[in-house]
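*Asks:* Here is my input; please provide its structure:
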Amino acid sequence: MEEKNTNENLMDKENEILRVTQRAVEMLKTVYDPEIPVNIYDLGLIYKVDYDVDKKVLHVDMTFTAPGCPAADFLFEDARQKLLSVEGPESVDLRVVYDPVWCQDMMSEEAKLELGFL
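*Replies:* This next block holds a predicted model:
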């Protein structure tokens, strides 16, 4: 009986991780650079979305198209607010990273098409 409970708990945790990370990605797809008609997820600006279900912390690494991006503060705060609305996590660890350096190859096919790169 205890093994079954352990397996059920593991499945519950895996389902919760999947649900939270999928919802986080959905929310990130609503964040747009004011000058680019593509969301930050499809632009390839999101490097990591992980959920620590035990600590209830959503970890997200993001970058910008350039270190001096004029919309950086806006994009960061918009992403943070959207991630805070995800049900489940008690906190969000949103970090800006520049390694690897962003390049156009990181964009989704949809983003490349929208921006005329295909």
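*Asks:* going forward, measure contacts and count neighbours with C-alpha atoms only.
*Replies:* Fine.
*Asks:* which of the residues in the longest helix anywhere in the chain are buried?
*Replies:* Longest helix of the chain, by residue count under DSSP state H: helix 2-28. Buried residues in helix 2-28, counting neighbours by 16 or more other C-alpha atoms under 10 Å, are found at 16, 17, 20, 21, 23, 24, 25, 27, 28.
*Asks:* Which residues are in contact with the third one?
*Replies:* Neighbour list for residue 20: 51, 86, 87, 88, 89 [criterion: C-alpha atoms under 8 Å, 6 or more residues apart in numbering].
*Asks:* What of the fourth one?
*Replies:* Residue 21 makes contact with 49, 50, 51, according to C-alpha under 8 Å, 6+ apart.
*Asks:* Identify the residue nearest the last one in space, chain neighbours excluded?
*Replies:* Spelled out, it's residue 51. residue 58 (4.5 Å; C-alpha to C-alpha, 6 or more residues apart in numbering).
*Asks:* In its sheet, which strands sit next to the helix or strand containing the one you found, and in what direction?
*Replies:* Using DSSP states H and E, residue 58 sits within strand 57-62. Paired neighbours of strand 57-62 in the sheet (DSSP bridges): strand 46-52 (antiparallel), strand 91-96 (parallel).
*Asks:* moving C-terminal of the shortest one, what's the next helix or strand?
*Replies:* Looking back up the chat, that one is strand 91-96. Following strand 91-96 toward the C-terminus (DSSP H and E): helix 109-114.
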